[in-house]
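Novice: Next one to model:
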Amino acid sequence: MSDQAEKLRMRLRQKQNGKKAKVISVASGKGGVGKSNVTINFALELMSYQKKVLVIDLDIGMGNIDILLGLSPAYHMVDLFHRNIPIRDIIEKGPNSLPYIAGGSSLSQFFHVEKEEFAYFLSEFESLLYDYDYIFFDMGAGANEESLQFIAASDETFIITTTEPTSLTDAYSMVKHIYAMSPGMSISILMNRALNDRQGNRSLDRIQSVVSNFLEKDVKSLGVLIDDKAVMKAVHLQSPFIQEFPASKAGKSLKAVVRAYVEGREEKGDGSFLQKLKKMVTER
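Specialist: Sure, this is the predicted structure:
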């Protein structure tokens, strides 16, 4: 009865608003660029615009959303399969009641489940699409076949990088991998830890120019986050910097980035995420 009731509620939500969540993968070409931290704080700031947001940790073997938040989740993503716990029951609540699903150290198993189990995940995930405006996948650093499948199926991808030459090179490599799998993907670059807006925008211009010249694609600029000691202080406090230090340089720059995103982007997802992933499941 509970399954039938949930299906009825899902149909009702679908009829009421006719939209699905925008699925956004957050990725990086290398580790250590602040990807997970950006994901959490970006999601929290979106909530201040009355947006319903869910963060899912898919950083294989390195899931650390719960550590950044100073929380000990009761469930992790793999519990969906190993303990047959419904996906809604593994959603935890972080700061400001931010909904998130923890990855856990055994998350690598998630990408190697049987087709039937993966189909079960897709079925469970479908119900969430009508509950949120945005669903963020915090992906692992770098490119591997499994994570690229999720990224390629997403409505949009954020690439987090810094102004360091090696980071920019790895970010370009990531962009190249994504376009190879999904030529029409909407990709936005966020420049993290820039000394100032000028340096950050110069680096953004550089990577956009390289992508345009060599891949003949146009990547968007998500914006610039200024390097700030307040971010590291918040990490040690295991609390989001946008909540601990909203008036800091990093806090102000994040607010500007999110405001520009909300005002300039279409919120609605195109509904193709599940269809793309289902196709990948059948081809595995």
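
Novice: Show me the helices in the stretch 151-284 of the chain, by range?
Specialist: 165-181, 197-215, 229-237, 241-244, 249-264, 273-283 (DSSP state H, counting those that start in this stretch).

Novice: Name the residues that touch the longest one?
Specialist: For helix 197-215, contacts defined as CB atoms under 8 Å, 6 or more residues apart in numbering pick out 161, 163, 168, 171-172, 175-176, 179, 189, 191, 194, 217-219, 221, 224-226, 253. C-beta: built from backbone N, CA, C; applies to glycine.

Novice: host element of the residue nearest to Phe121 when sequence neighbours are not counted?
Specialist: Setting aside the residues directly before and after it, Phe121 is nearest to Leu80 in space (CB to CB, 6 or more residues apart in numbering), at 6.2 Å. According to DSSP states H and E, Leu80 maps onto helix 79-82.

Novice: buried residues in that helix?
Specialist: Going by neighbour count (16 or more other CB atoms under 10 Å), the buried part of helix 79-82 is 79-81.

Novice: just stretch 212-223 next, same as before
Specialist: For stretch 212-223, the neighbour count (16+ other CB under 10 Å) marks 217, 219-223 as buried.

Novice: just stretch 44-56 next, same as before
Specialist: With burial defined by 16+ other CB under 10 Å, the residues of stretch 44-56 counted as buried are 44-47, 51, 53-56.

Novice: next one: stretch 188-198
Specialist: For stretch 188-198, by 16+ other CB under 10 Å, it's 188-194.

Novice: Please enumerate the strands of the stretch 1-150 of the chain.
Specialist: 22-28, 53-58, 92-93, 99-101, 134-141 (DSSP state E, counting those that start in this stretch).

Novice: deepest of these, which one?
Specialist: Of the strands of the stretch 1-150 of the chain, the one with the most neighbours on average (mean count of other CB atoms under 10 Å) is strand 22-28, at a mean of 27.

Novice: relative to strand 134-141, how tilted is that one?
Specialist: Counting by axes from the mean of the first three to the mean of the last three CA atoms, to 10 degrees, strand 22-28 lies at 20 degrees to strand 134-141.

Novice: returning to that earlier point: residues in contact with the helix holding Leu80?
Specialist: 85-87, 90, 109-110, 113, 117, 120-121, 124.

Novice: Can you list the low-confidence ranges for the stretch 151-284 of the chain?
Specialist: Judged by pLDDT under 70, the stretch 151-284 of the chain has its weakly predicted residues at 266-268, 271, 280-284.

Novice: same thing but 90
Specialist: The stretch 151-284 of the chain contains residues with pLDDT under 90 at 265-284.

Novice: picking that back up, could you measure from the residue nearest to Phe121 over to Val23?
Specialist: Distance of Leu80 to Val23, computed by CB to CB, to the nearest Å: 17 Å.
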